[in-house]
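In: A structural model of the following input is requested.
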Amino acid sequence: MKVYFLRRLLLVPLTLLGITLLVFMIIRLAPGGPVQRDLQQMMGAAAGEQAGAAALRETEGAALTPPQLFEIEEKHRRDKGVVRSYLEWLGVLPKDILRHGESFGEEKDAVEIRIPGRNETARVVRDKEGEIEPGNPEVLVPGDWKLRVVEPSELERRWRKHTRGMEAPGEFQPRVILYRPGFEGLLQGSLGRSDKYGDPVWRLVRQRIPISLFFGLSSMVLIYGICLPLGVVKAIKHRTWLDNVSSVVVFAGYAVPGYVLGSFLIVFLGARLGWFPIQGFVSENFAELPPGEKVLDLLHHAAMPLACYLVGSFAFMTFMMKNNLMDNLAADYVRTATAKGVPYRSAVFRHAFRNSIIPIATTLGQNIMLLVSGSFLIEKIFDINGFGLLQFNAVLEKDEQVVLGVLTISATLMLLGNILSDLCVALVDPRIRFR
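Out: Residues are numbered from 1 along each chain as shown. Below is the predicted model:
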């Protein structure tokens, strides 16, 4: 069994590599990316108050120049191939940590490039044969700043890729990129920087994970702490008034989606009755409160969102426990045990109960991902900046670095949770042997 779990752990990096590569390619190849969004905004501003595709088309040639397009591409790191970009994000190949590019003019043999982070410029010249070299190499520290020349053929390909065949205004001139290379990827512990916020992805995740972790842990404790005993009671008291009433209540809660319940609670318990705050995770003066009042303030704000998290899971877990226990109570080994004089309580809890929680144990590890994933609908309704809302906004805004960062964390937790599920099953049922 140790060999099995060791093999599963070794497969986690390979599986994670495949997941991230697939999603990275989908993000890069899908239409409507950040480059197209910036181009539409630029062209829309140039079109002014005119409406319609024809009016916008008339202004495209005047609104967009090749240097502008290439600057937008480099801003969003879309100037390189998909495979090269993925290996840079992974940290296998060096990436351009800082860079700035300039294009030669038709009649210019030199360009001035601003060095990012320094109050200096680098002058790059080209001779009559077209060879390009730095005109003031003293500002380019060896091993620090480097020059890369992008040929007109590559620039033309990039132009046609984003403009869908629109003719360029004039011939393409070489473009010079001044950059500082370095390894800064997943293997180095970096998830990049958000295109929208400009902050490191790790910082955004650390700010939001505690919120989702609070709701995830609270939900798991309450679900397992209430649903398992309730399922046992319903199985023992099958078809009694207690079983019937609890079934009605549980199914009624299951029929109401969490976000619908959240809207109802905000309107009636929050806005009309004023019993609970209608937004936020804590009060604005939370840092000034004493420890005891901080706990009460946190519970006061978390009561309604937590109810929305719990309402959908109660029915599933309760009836899974009940049905599994009823099947085992009807099994031959339980009837044999009671026929031999084993007390009914012992037959239930020492024999049937252990076999009944085996299917539940298979879902325990998978819930690890749910601890931090959260629900963007509930977080949106209650204006809580949790992990789920961060993922949702990143997908809508095509914030590539944030999407890949949260995907890496979620996929890692999912893979480790599957291994933990197998381990839980092996601990609960000693008959199972993994090979």
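In: for the stretch 51-200 of the chain, what spans make up the strands?
Out: Here the stretch 51-200 of the chain has its strands, by DSSP state E, counting those that start in this stretch, at 95-103, 110-114, 121-126, 132-134, 146-150, 175-182.
In: Is it possible to get JSON lines of these that adds mean pLDDT?
Out: Formatted as JSON lines, these follow (pLDDT from 0 to 100):
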{"stretch": "strand 95-103", "mean pLDDT": "84"}
{"stretch": "strand 110-114", "mean pLDDT": "80"}
{"stretch": "strand 121-126", "mean pLDDT": "78"}
{"stretch": "strand 132-134", "mean pLDDT": "66"}
{"stretch": "strand 146-150", "mean pLDDT": "82"}
{"stretch": "strand 175-182", "mean pLDDT": "85"}
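In: Low-confidence ranges, this structure, go.
Out: The model of the chain has pLDDT under 70 over residues 43-63, 107, 127-143, 165, 365-366, 369-374, 429-435.
In: So what are the structural domains in it, by residue number?
Out: Domain assignment for the chain by automatic domain parsing gives 65-188, 201-428.
In: just how off-centre is the last one within its chain?
Out: Computed by Cα atoms, centre = their mean, to the nearest Å, the chain-centroid distance of domain 201-428 equals 20 Å.
In: Kindly check the end-to-end length of that domain for me.
Out: Domain 201-428 has an end-to-end distance of 39 Å (Cα to Cα, to the nearest Å).
In: cool, stretch 247-264 as well?
Out: Taking Cα to Cα as the measure, stretch 247-264 stretches 22 Å from start to finish.
In: so what's Ala110 up against?
Out: Ala110 makes contact with Arg123, Val124, Val125, Arg126, Gly135 under the criterion Cβ atoms under 8 Å, 6 or more residues apart in numbering. C-beta: built from backbone N, CA, C; applies to glycine.
In: and of the strands of the stretch 51-200 of the chain, who's closest to Asp422?
Out: Closest to Asp422 of the strands of the stretch 51-200 of the chain, according to Cβ to Cβ: strand 95-103, at 37.3 Å.
In: In the sheet, which strands lie alongside the closest one, parallel or antiparallel?
Out: Sheet pairing for strand 95-103, assigned by DSSP bridges, gives strand 175-182 (antiparallel).
In: C-terminal to the partner strand, what's the next element?
Out: Past strand 175-182, heading to the C-terminal end, the next element that is a helix or strand (DSSP states H and E) is helix 201-236.
In: helices and strands around that next one, which ones?
Out: Where contact means 3 or more Cβ pairs under 8 Å, 6 or more residues apart in numbering; DSSP states H and E, helix 201-236 is packed against helix 241-255, helix 291-311, helix 313-329, helix 367-373, helix 387-396, helix 400-428.
In: Between those, which one is closest to Lys2.
Out: With Cβ to Cβ as the measure, helix 400-428 is the member of these nearest Lys2 (11.0 Å).
In: and the angle for the closest one with helix 387-396?
Out: For helix 400-428 against helix 387-396, the angle by axes from the mean of the first three to the mean of the last three Cα atoms, to 10 degrees is 140 degrees.
In: Tell me the spacing between Leu22 and Asp422.
Out: Taking Cβ to Cβ, to the nearest Å as the measure, Leu22 falls 24 Å from Asp422.
In: Between these two, which has more neighbouring residues?
Out: Legend: neighbour count by other Cβ atoms under 10 Å for Leu22 and Asp422, higher for Asp422 (18 against 10).
In: thinking again about what came up before, can you put the strands of the stretch 51-200 of the chain in CSV and add distance to Gly216?
Out: Converted to CSV, the strands of the stretch 51-200 of the chain look like this (distance: least, Cβ to Cβ, whole Å):
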stretch, distance to Gly216
strand 95-103, 34
strand 110-114, 46
strand 121-126, 51
strand 132-134, 54
strand 146-150, 45
strand 175-182, 36
